[in-house]
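J.: sequence and predicted model, in that order:
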Protein chains: 2
Amino acid sequence: MGRLQSFERTTVVQAARDLFWDKGFEATSLADLEDATGLRRSSLYHAFGSKRGLFDAAVEDYQASVIRPRLRTLTGPGIGRASLLAYFSELRSAVSALPEDSPRRGCLLVNCAAGLAGHDDLARQVVEGYRSELTDTLQDALRAAGTAAGGSAPDRAPERARTLASLGMSAMLLARVNATESVALLDTATEQIRSWFPVHAATDA
Amino acid sequence: MGRLQSFERTTVVQAARDLFWDKGFEATSLADLEDATGLRRSSLYHAFGSKRGLFDAAVEDYQASVIRPRLRTLTGPGIGRASLLAYFSELRSAVSALPEDSPRRGCLLVNCAAGLAGHDDLARQVVEGYRSELTDTLQDALRAAGTAAGGSAPDRAPERARTLASLGMSAMLLARVNATESVALLDTATEQIRSWFPVHAATDA
DNA sequence: GGTTTTGTGTATCGCTCAGTACACAATATA
DNA sequence: TATATTGTGTACTGAGCGATACACAAAACC
């Protein structure tokens, strides 16, 4: 059935993703993408149709290979206090491990929220999907941690989920502006969780 | 000493500011700026030197006419619980009052943080200055509210300031993605303040 | 009023952009 | 091996970009 692709799609998409992650959609040119992927634009257009098509593929890969693996910490059986702490600990490692000039700093979707999503409905939906999934997942974990502690106080899960989601998003927002403060925000999330669910009331896995 | 400027600098800068606010630096073209300001590019270049010069003037105006007036609520004599509540109430009004497609949604500096500031040192410094001033101011107000309540517990002001700053920044980030949720984050900040400083312990101005 | 100094309009610069036309390369099928 | 089908490289397009050259307009100063 004709000539075969000489590149692996995943590799190309991830190279493009890191570029978009670093510079944003508009500031990334096709010349940049050619350099990063090693492919000529004829191949890129043949495989993805347009710059935007490649960007959408990059966003999809970002969700699949960055977002979802991280959120998995917060789902599944046995979630609760320890999962919440693990989630922010992982995020903290990710921020503090990367060198100052790494393209992988911050969050592609948070950057979208401040850029493309302002005038692009598709981007807005993706960002909103991310926000709501993050908040809902945090809320579930908070509820699980709360019932494990045996409390029957008024349900503070919604506001706490919003608070944690805010700390996480702000940390991503600041990751390339002030990495130290970004880490401090994630530590603040950890302190909050500890204060809501003191050690004597739950296992600290 | 020659011909006089036929336009008011402030008016022009503010028109440009709203455009940058809405679309960001890169996505705003000189043609857009000509339309918005009513000036030809010869006049713009004569007065501001470059597109970036106009942008910097716009950022300065943004700080002077948007940021600082808002922060003033949190400074001066008699700050404390009521000032904190007032600050987030004002922010809430600003977000919920603006129509869905207003260019003035969100925060120019938050947008910068996710865009320009990633690779532009000047922009990074401006954003970082904003972040630290906001956090410090919130912290001062929190300390004032804390001592007014008479508590001598461990100083929770730093982490609380980070939490409130995060809620504020995230609300700005989401203002153009999901206005309802943006308001919910600001309401969460209000709830947090109320829970830290219950009514029976302070005046609720 | 003449001169100097400064602001504005017109027209255009060189460049980069995303996107494309088309020939050629490579391989699966027959 | 002949053919059909698909991938890749070269070279280019028209449009839009930020920036500028330069003539002209207008007002302050002597």
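T.: Nice, thanks for sending it over.
J.: show me the shaky parts of chain A.
T.: Within chain A, the ranges that satisfy pLDDT under 70 run A:1, A:148-152, A:200-205.
J.: find the closest residue to DNA strand D in it.
T.: Closest to DNA strand D within chain A is residue A:2: 2.4 Å, counting by C-beta to the nearest atom of the strand. All C-beta spots, glycine's among them, are computed from the backbone N, C-alpha and C.
J.: need the three-state assignment for that residue.
T.: Residue A:2 carries the three-state label coil when classified by DSSP: H, G, I helix; E, B strand; the rest coil.
J.: tell me which element residue A:70 falls in.
T.: Residue A:70 is located in helix A:68-72, with elements delineated by DSSP states H and E.
J.: and chain A, which residues reach DNA strand D?
T.: Selection of chain A residues close to DNA strand D by C-beta under 7 Å from any atom of the strand yields A:1-7, A:39-43, A:46-47.
J.: out of these, which touch DNA strand C?
T.: Okay, of the residues of chain A next to DNA strand D touching DNA strand C (C-beta under 7 Å from any atom of the strand), that's A:1-4, A:41-42.
J.: quick one: which of these is most hemmed in?
T.: For those, the largest neighbour count, defined by other C-beta atoms under 10 Å in any protein chain shown, is 13 neighbours, found at residue A:41.
J.: if I look at it, how far off is residue A:34?
T.: Distance of residue A:41 to residue A:34, computed by C-beta to C-beta, to the nearest Å: 6 Å.
J.: same check on residue A:158?
T.: 47 Å.
J.: any idea how chain A splits into domains?
T.: Under the assignment automatic domain parsing, the domains of chain A span A:1-61, A:73-198.
J.: I'd like those domains as TSV, with distance to chain B appended.
T.: Formatted as TSV, the domains of chain A follow (distance: least, C-beta to the nearest C-beta, whole Å):
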stretch	distance to chain B
domain A:1-61	5
domain A:73-198	4
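J.: comparing these, which comes out most buried?
T.: Burial of the domains of chain A is given as mean neighbour count (mean count of other C-beta atoms under 10 Å in any protein chain shown); domain A:73-198 ranks first at a mean of 19.
J.: what about it, distance to the chain center?
T.: Centroid separation between domain A:73-198 and its chain, computed with C-alpha atoms, centre = their mean, to the nearest Å, is 9 Å.
J.: let's see the distance spanning it from one end to the other.
T.: For domain A:73-198, the first-to-last residue distance is 20 Å (C-alpha to C-alpha, to the nearest Å).
J.: can you tell if that domain touches DNA strand C?
T.: No. Counting by C-beta under 7 Å from any atom of the strand, no contacts exist between domain A:73-198 and DNA strand C, the nearest distance being 13.4 Å.
J.: and the angle for the one helix or strand residue A:195 maps to with helix B:179-196?
T.: Take DSSP H and E as the rule and residue A:195 turns out to sit in helix A:179-196. Counting by axes from the mean of the first three to the mean of the last three C-alpha atoms, to 10 degrees, helix A:179-196 points 60 degrees away from the direction of helix B:179-196.
J.: which residues are contacting helix A:179-196?
T.: Under the criterion C-beta atoms under 8 Å, 6 or more residues apart in numbering or on different chains, residues A:81, A:84-85, A:88-89, A:91-92, A:95-96, A:100, A:105, A:142, A:145, A:156, A:160, A:163-164, A:167-168, A:170-172, A:174-175, B:131-132, B:159, B:162-163, B:166 lie in contact with helix A:179-196.
J.: this completes my enquiry, with thanks.
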